[in-house]
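> no sequence for this one, just the structure:
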């Protein structure tokens, strides 16, 4: 089953999309990766959804990735004596360690680590950034602030600190329990929330190892200060524009989106653009023109994947939202400007034999106008390198490791196939030709380019390029 586009689609599962019938419909409509948000899921629910995805995968013989999104630390204020209070610009408002219900002058903040980290002049944002406070003084028990933007405030609203690095691990006790359980299911990707610095990724890596890919959600301004180091340590990046747009000036988010996509492309790491892409389709059967343009922008930038959140998890039109994303991607990738923009954003290959071979494979494939590039990849590194080149033709990633095939499902342009490993070089060519023909990516008489590592079954040793002609099946 071949997608008619290069970019991949991630859909979040939820109440609107957790039945087997709907999950299969979403897959057929275009989903390559299913996201399960542990902020709204328990372990039995995760297991049930995972099992359904694997049944759909088996039925359609195409690797499907499962992305488990960990909740991360949630910072919230405590309760008020009344249902809500009104605080006004210019007033003094205090956050303290007193557990007494708050009023219009103060509220309990049950996070001692914030008191230790915050400094005068820094900002605190409440209720998704609707209320902005500037710190005037801070101690171990009290933070005194001046209200910059006031408003109505009620219990348990979220706290964001755009200017402060908080001494918090990104993995809470809940996250560790969720992660431990998810890894027993052999899930493919783990999304880390609220990463602030490279050590947060290293902490997760020490637990996860190579049992799943790590996808860092960039949603804290502090992470932007370490962007290159974080990209180096992670396996993929999600541009999480929701929380990032709360903590950064809204007008700066598009620029950071472009910088993150380009940085990931240079590094050869998959990058996902997420949040509010087709937000109106939570309730409406068609998106706004502005939302279509937003999705198109991510595609023109060369993002590996675009993601649906509430649109597929809780919306009234989950299947239509996926189908709409699929149609947008197909249309953009046929646009005459698309190829030129993608080509101009290519970067020079790294000085390694594997990168040189992948670069040469694209050059040879485009010069000869072949129908496909076929790469044999055990660990996935060859597939990533070829995808970084953003070739004009389809890339078939053949792997004997189903885990690799699933993990590569998030990567731009890769048509992943789980197959037996080649026995020798002749079998390698014959297998590549047969799969290209059977998948209707190449027809008899066409040519394909094949990349692999020799000796065979040697991970990370891409060193061979071959051009093969597609022949008719033996009678």
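The structure has been received and is ready for your questions. Fair warning: this is a prediction, and the values are worked out from it, not measured in the lab. Residues are numbered from 1 along each chain as shown.
> quick check: residue 285 vs residue 318, distance?
11 Å (CB to CB, to the nearest Å). (C-beta placed from N, C-alpha, C; glycine too.)
> what's the helix or strand for residue 306?
Element membership for residue 306 (DSSP states H and E) is strand 305-308.
> gap between that strand and the chain center?
Distance of strand 305-308 from its chain centroid, counting by CA atoms, centre = their mean, to the nearest Å, is 7 Å.
> other residues contacting whichever helix or strand comes after that strand?
Per DSSP H and E, strand 305-308 leads on to helix 310-313 as the next helix or strand towards the C-terminus. By CB atoms under 8 Å, 6 or more residues apart in numbering, the surrounding residues in contact with helix 310-313 are 11-17, 26, 31, 37, 40, 277-279, 281-282, 317-318, 321-322.
> among the residues you listed, which ones are buried?
With burial judged by 16 or more other CB atoms under 10 Å, the buried subset of the contacts of helix 310-313 is 11-14, 16-17, 26, 31, 37, 277-279, 281-282, 317-318, 321-322.
> so which of those residues sit within strands?
Secondary structure defined by DSSP state E assigns 11, 12, 37 of these to strands.
> ok, the closest residue to the last one other than its chain neighbours - contacts?
This points to residue 37. Once flanking residues are discounted, residue 37 sits nearest to residue 69: 4.8 Å by CB to CB, 6 or more residues apart in numbering. Taking CB under 8 Å, 6+ apart, we find residue 69 in contact with 35, 36, 37, 38, 39, 191, 193, 217.
> next one: phi and psi at residue 69?
Residue 69 adopts backbone torsions of phi -100, psi 110, taken as degrees, to the nearest 10.
> relative to residue 315, how far out is it?
Counting by CB to CB - residue 69 and residue 315 are separated by 17 Å.
> now do residue 177
For residue 177, the distance to residue 315 - CB to CB - is 29 Å.
> settle it for me: which of those two has more neighbours?
More crowded of residue 177 and residue 315, by other CB atoms under 10 Å: residue 315, with 26 against 12.
> part of a helix, is the more buried one?
No. Per DSSP: H, G, I helix; E, B strand; the rest coil, residue 315 lies outside any helix segment and is coil.
> look up the closest residue to it, ignoring the ones flanking it.
residue 282 (4.0 Å).
> so that neighbour sits right up against residue 309, yeah?
No. Contact criterion CB atoms under 8 Å: residue 282 and residue 309 do not qualify, at 9.2 Å.
> what about residue 344, neighbour count?
7.
> secondary structure class of residue 417, three-state.
strand.
> the stretch 201-350 of the chain: helices as residue ranges?
According to DSSP state H, counting those that start in this stretch, the stretch 201-350 of the chain carries its helices in the segments 221-224, 227-233, 241-247, 253-267, 289-301, 310-313, 318-334, 336-344.
> buried stuff in the second one?
Taking 16+ other CB under 10 Å as the neighbour-count basis, helix 227-233 is seen to contain the buried residues 227, 230, 231, 233.
> before we move on, the earlier item: for the ones in strands among the buried ones among the contacts of helix 310-313, give me a markdown table that also has pLDDT and distance to residue 162.
Compiled in a markdown table, these are given as follows (pLDDT from 0 to 100; distance: CB to CB, whole Å):
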| residue | pLDDT | distance to residue 162 |
| --- | --- | --- |
| 11 | 98 | 29 |
| 12 | 98 | 25 |
| 37 | 97 | 23 |
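> what is the nearest of those residues to residue 429?
Nearest to residue 429 among these is residue 11, at 36.6 Å by CB to CB.
> domain parsing for this protein?
8-72+169-334, 84-160, 353-469 (automatic domain parsing).
> any chance of the ones you listed in CSV, plus distance to residue 341?
Shown next, in CSV, are the domains of the chain (distance: least, CB to CB, whole Å):
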stretch, distance to residue 341
domain 8-72+169-334, 5
domain 84-160, 32
domain 353-469, 10
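> and of these, who's closest to residue 343?
domain 353-469 (7.4 Å).
> mind checking how far that closest one is from the chain centre?
On CA atoms, centre = their mean, the centre of domain 353-469 falls 24 Å from the chain's centre.
> picking that back up, tell me the two of the buried residues of helix 227-233 that are most distant?
Among the buried residues of helix 227-233, 227 and 233 lie farthest apart (CB to CB), at 11.1 Å.
> any common contacting residues for those two?
With CB under 8 Å, 6+ apart, residue 227 and residue 233 have no common neighbours.
> need the pLDDT of residue 457.
Per-residue pLDDT puts residue 457 at 66.
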